[in-house]
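Q: Sharing a model that was predicted from the sequence below.
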Amino acid sequence: MNSTATLSSGNRTASSGDALDLVLRIGLLPILMAIVIVGTSLMSPYFLGWMNIVNILRMASFLAIIACGQALVIIAGGFDLSVGAVVALASVVTAKAMAAAASAIGGPDIVAIVIGIGAGLGSGLAVGLFNGICVSRLKVSGFVVTLGTMSATAGIGLLLTNGIPVYGMPKAFVQAIGRSQFLGFPLAIYIALAVILVMVFVQRRTLFGRYVYAIGGNLDAAVVSGVSIRPHLVGTYVVSGGLAALVGILLTALVGSGQASLGGDAMMLQSIAAAVIGGVSLRGGIGRVEIVAVAALFLTILGNALNLLHIDSRIQPIFLGLIMVLAVALDEFSRRRTSRV
Amino acid sequence: MSDANLTATTRSADLDGKTRDRRAFDRSFGQQWLRKLALPIALVALLAGFALADDRILTSYNLLNIAQQTSYLALFAMAQMVVILTRGFDLSLGPTVSMVSVGAALAMAGMGGGEAGGLVVVTAALAAGLALAVACGLFNGVVVALLGVSPLVATLGSMNIAIGVATTISDGRPVQGVPSAFSQVFYTGSLLGLPIAIVIALVVGVALAFVLSRTVFGRSLYIIGTNPQAAAVAGIPVKRLLVYAYLLCSALAALGALMMTARTGSGEPNLGGTLSLQSIAAAVVGGTSLAGGRGGVATAVLGALFITILSNGMNLTRIDGYVQMIVLGAIVILGVVLDRLRLSAR
């Protein structure tokens, strides 16, 4: 059936056999998500409560922002293991700078807040720049470089604070960014939406986005086509570092103090999981940010549902691991089917 | 006239090219030796530097201590190196260690602790530990080789699963009841005056070196890592050997886990902690290439030795633990940069 369809159409586009592949590739995530949502809402009355929905969306926003940057790096053929550590570093740097500025200047809070946010973002961008330069200049694998910066960045964050939370930020910062709401939703959700929209635009409509696909898809072809590789590779890591720092700042505002324990390995692994479940190919060149954001939402919903269903938190990683392998295996399976036909 | 000019210039250019090649060859030949010896030299320099800062470093007690500490990390680095040779890596190594530690301790506790004979207890621990490790290795190997999933995702998945299993079967608490017979075999015992951990690491290292360099299986791993397509075309059963490689990796990790369990005297659900990344770091710093096909027992052991000496020295000279994290990160990056230089010299 499959083979006759392809034979008659001559190539594999729009043949009926691809309907299954289409479901396999695009439909898996929505189907899983629907199952989880319907199943959990039947079993737990709290799941569809307003508070819980807002909570899910807020947590998903943090993960989605980081996963967007991670996805961009992976699409270019790299990896960013340092995002979790950057979240921690940015949180600490933001809180320290803001507290110092607030006590030194003593003027309006807005000045201290801007200084703090600038310092936090700057620290993330700096780590990203370092990663990017190491990867592109020295042509070293992104996995190992960011493995190194992960350790170093986490060490710097801990060194700055000695592991003690940093207080002393202006109240206005916590109220305006961490706890303020607009139309019933916390600010973080709007920021995440804005980030996703900008990233979609970047991926689809800018040279940078297209070049990132080209570099990840076929490096040699990109070189021959005259794409300058280095600045674009550096760019992906800088974006990833900057977005991780943004999450660090948002989390700091939410928690009300700068903590070197924010982010961490768990967040880094989840961002990779979201990217991979969201269809980003680890071989590079394939992946769309909006689907990655949906995958981040799915992972957050899944974790929330497992909690509400009183499933032991120790068993929860098993679900995450199985779903991740399953998603990628299905993806690979469908790709092999299409390429074999 | 112009013709003659032209030939003259081309000939001289040719000559220049030849001498340049010749010089480049001489230089690269020397550099290759330098690069091969770079890490051992760095090791000696590191030891000497620390010895100047603190005279406890070069005592025989501390050197034996370093050797013993190295043997654990060396085992894990060797395990990791086997799969890195095939262009893979195993992020589940650390959680596998935790899982094996807890599983073996539970099996021994289930046997009634020290009441059963020593041999029975040790066999039970070995069986339980190896069974868990084989399950994990088989999962990794099948998912990577047969389903074609990238090693990163496959082992990231099994990493989560192993963490879940380790904390679930232990209830998240250390498992007590490890009998002394077990500790005797895997920690406190000694052979020819050497602590048993060093003996085990040496035996494993020699055996693995033999397997990698003198058996068809070992050589095939290098070919798979260097060029998977060529390996398949040459008739090497790539998929089967990949599964074996992941099995071997998990089995070695299980052995290390049993040794660490004997050292702590209890099954620890987070014994593995950062071992996945540490073992990758050790292998890479030693010169195992993540691009596959290059490395060996020596690179894994040297890397493990380097990292152990570094952290031992930093501990004795009282360098802040947070600073140590930064140094370790810098070392990892430096390691790949050196690897890159070695590669470009070829």
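A: Perfect, thanks for sending it. Just so we're clear, the structure is a prediction, and the values are computed from it rather than from any experiment. Numbering: from 1, shown residues only, chains lettered A, B, ... in the order given.
Q: Please, which helix or strand holds the residue in the stretch 51-200 of chain B that chain A sits nearest to?
A: Nearest to chain A, among the residues of the stretch 51-200 of chain B, is residue B:160, at 3.1 Å (Cβ to the nearest Cβ). Using the backbone N, CA and C atoms, a C-beta is placed for each residue, glycine as well. Using DSSP states H and E, residue B:160 falls within helix B:151-170.
Q: packing partners for that helix?
A: helix A:264-277, helix A:316-340, helix B:93-110, helix B:118-141 (3 or more Cβ pairs under 8 Å, 6 or more residues apart in numbering or on different chains; DSSP states H and E).
Q: got JSON lines for those, with mean pLDDT, mean neighbour count and distance to residue A:33 too?
A: Output for the helices and strands packed on helix B:151-170, formatted as JSON lines (pLDDT from 0 to 100; neighbours: other Cβ atoms under 10 Å in any protein chain shown; distance: least, Cβ to Cβ, whole Å):
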{"stretch": "helix A:264-277", "mean pLDDT": "86", "mean neighbour count": "24", "distance to residue A:33": "11"}
{"stretch": "helix A:316-340", "mean pLDDT": "76", "mean neighbour count": "19", "distance to residue A:33": "11"}
{"stretch": "helix B:93-110", "mean pLDDT": "89", "mean neighbour count": "28", "distance to residue A:33": "27"}
{"stretch": "helix B:118-141", "mean pLDDT": "88", "mean neighbour count": "21", "distance to residue A:33": "26"}
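Q: Any idea which of these gets closest to residue B:276?
A: Of all those, helix B:93-110 sits nearest to residue B:276, with 3.9 Å by Cβ to Cβ.
Q: what's the burial count for the residue of the stretch 51-200 of chain B closest to chain A?
A: Using other Cβ atoms under 10 Å in any protein chain shown, residue B:160 has 25 other residues around it.
Q: Quick check: nearest residue in space to the residue in the stretch 201-341 of chain A positioned nearest to chain B, chain neighbours excluded?
A: Distances between the stretch 201-341 of chain A and chain B by Cβ to the nearest Cβ are smallest at residue A:321, namely 3.1 Å. Excluding its sequence neighbours, the residue lying closest to residue A:321 (Cβ to Cβ, 6 or more residues apart in numbering or on different chains) is residue B:160, at 3.1 Å.
Q: tell me, what residue is most central in chain B?
A: Chain B has residue B:77 as the residue nearest its centroid, 1.0 Å off, counting by Cα atoms, centre = their mean.
Q: What is the burial count for residue A:156?
A: Neighbour count for residue A:156, taken as other Cβ under 10 Å: 24.
Q: other SSEs contacting the helix or strand hosting it?
A: Element membership for residue A:156 (DSSP H and E) is helix A:142-161. Where contact means 3+ Cβ pairs under 8 Å, 6+ apart, helix A:142-161 is packed against helix A:83-105, helix A:109-137, helix B:275-286, helix B:321-345.
Q: Tell me what angle the last one forms with helix A:83-105.
A: On the basis of axes from the mean of the first three to the mean of the last three Cα atoms, to 10 degrees, helix B:321-345 is oriented at 130 degrees to helix A:83-105.
Q: Quick check: buried residues in helix B:321-345?
A: B:322, B:324-329, B:331-333, B:335-339, B:342 (16 or more other Cβ atoms under 10 Å in any protein chain shown).
Q: again with stretch B:240-256
A: Neighbour count says stretch B:240-256 has B:241-256 buried, by 16+ other Cβ under 10 Å.
Q: Residue A:236 and residue A:132 touch, don't they?
A: Yes. Applying Cβ atoms under 8 Å, one finds residue A:236 in contact with residue A:132, separated by 7.1 Å.
Q: more crowded one of the two?
A: Counted by other Cβ under 10 Å, residue A:236 and residue A:132 do not tie: residue A:236 has more neighbours, with 31 against 28.
Q: and the residue nearest to the centre of chain B, that one's in a helix?
A: Yes. The assignment for residue B:77 by DSSP: H, G, I helix; E, B strand; the rest coil puts it in a helix.
Q: So for it, what's the pLDDT?
A: At residue B:77, the pLDDT value in this model is 94.
Q: can I get the CA coordinates of stretch A:304-315 in PDB?
A: Taking Å, rounded to 0.1, in the frame of the first residue of the first chain, the C-alpha atoms of stretch A:304-315 are listed here in PDB:
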ATOM      1  CA  ASN A 304       2.300  18.900  37.800                       C
ATOM      2  CA  ALA A 305      -0.100  16.000  37.000                       C
ATOM      3  CA  LEU A 306       2.200  13.500  38.500                       C
ATOM      4  CA  ASN A 307       2.400  15.600  41.600                       C
ATOM      5  CA  LEU A 308      -1.400  16.000  41.800                       C
ATOM      6  CA  LEU A 309      -2.000  12.300  41.300                       C
ATOM      7  CA  HIS A 310       0.300  11.700  44.300                       C
ATOM      8  CA  ILE A 311       2.800   9.700  42.300                       C
ATOM      9  CA  ASP A 312       5.900   9.300  44.300                       C
ATOM     10  CA  SER A 313       8.400  12.000  43.300                       C
ATOM     11  CA  ARG A 314      11.100   9.400  43.200                       C
ATOM     12  CA  ILE A 315       9.300   7.500  40.400                       C
END
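Q: how long is stretch A:302-317 end to end?
A: One end of stretch A:302-317 sits 11 Å from the other (Cα to Cα, to the nearest Å).
Q: That one near chain B at all?
A: Yes. Judged by Cβ under 8 Å from any Cβ of the partner chain, stretch A:302-317 comes into contact with chain B at A:312, A:314-317.
Q: Tell me which two in the residues you listed are the farthest apart.
A: It's A:312 and A:317 that sit farthest apart of the residues of stretch A:302-317 next to chain B, by Cβ to Cβ, at 10.5 Å.
Q: So, low pLDDT: which residues of the stretch 201-346 of chain B?
A: For the stretch 201-346 of chain B, applying pLDDT under 70 flags the ranges B:339, B:342-346.
Q: Can you pull the residues of it lying near chain A?
A: Neighbours of chain A within the stretch 201-346 of chain B, by Cβ under 8 Å from any Cβ: B:277, B:280-281, B:284, B:290-291, B:320, B:322-326, B:328-333, B:335-337, B:339-340.
Q: what do you get if the cut-off is 6 Å, keeping everything else the same?
A: B:284, B:290, B:322, B:325-326, B:328-329, B:332-333, B:336-337, B:340 (Cβ under 6 Å from any Cβ of the partner chain).
Q: Identify the farthest-apart pair in those.
A: B:322 and B:340 (28.1 Å).
Q: Nearest residue to the middle of chain A?
A: Nearest to chain A centroid, counting by Cα atoms, centre = their mean: residue A:67, 1.1 Å.
Q: That one should be in a strand, yeah?
A: No. The assignment for residue A:67 is helix, going by three-state DSSP, so no strand is present there.
Q: Can I get stretch A:261-276 in PDB? Just the C-alpha atoms.
A: What follows is stretch A:261-276, C-alpha atoms only, in PDB (Å, rounded to 0.1, in the frame of the first residue of the first chain):
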ATOM      1  CA  SER A 261      20.800  27.000  44.000                       C
ATOM      2  CA  LEU A 262      18.300  28.200  41.300                       C
ATOM      3  CA  GLY A 263      18.400  26.500  37.900                       C
ATOM      4  CA  GLY A 264      21.000  23.800  38.200                       C
ATOM      5  CA  ASP A 265      21.400  20.500  36.400                       C
ATOM      6  CA  ALA A 266      17.700  19.700  36.600                       C
ATOM      7  CA  MET A 267      16.800  22.800  34.600                       C
ATOM      8  CA  MET A 268      19.500  22.200  32.100                       C
ATOM      9  CA  LEU A 269      18.400  18.600  31.500                       C
ATOM     10  CA  GLN A 270      14.800  19.700  31.200                       C
ATOM     11  CA  SER A 271      15.600  22.300  28.600                       C
ATOM     12  CA  ILE A 272      17.400  19.600  26.500                       C
ATOM     13  CA  ALA A 273      14.400  17.300  27.000                       C
ATOM     14  CA  ALA A 274      12.000  20.000  26.000                       C
ATOM     15  CA  ALA A 275      14.000  20.700  22.800                       C
ATOM     16  CA  VAL A 276      14.300  17.100  21.900                       C
END
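Q: Just list the residues touching the residue nearest to the centre of chain B, thanks.
A: Contact partners of residue B:77, counting by Cβ atoms under 6 Å, 6 or more residues apart in numbering or on different chains, are B:279, B:282-283, B:300, B:303-304.
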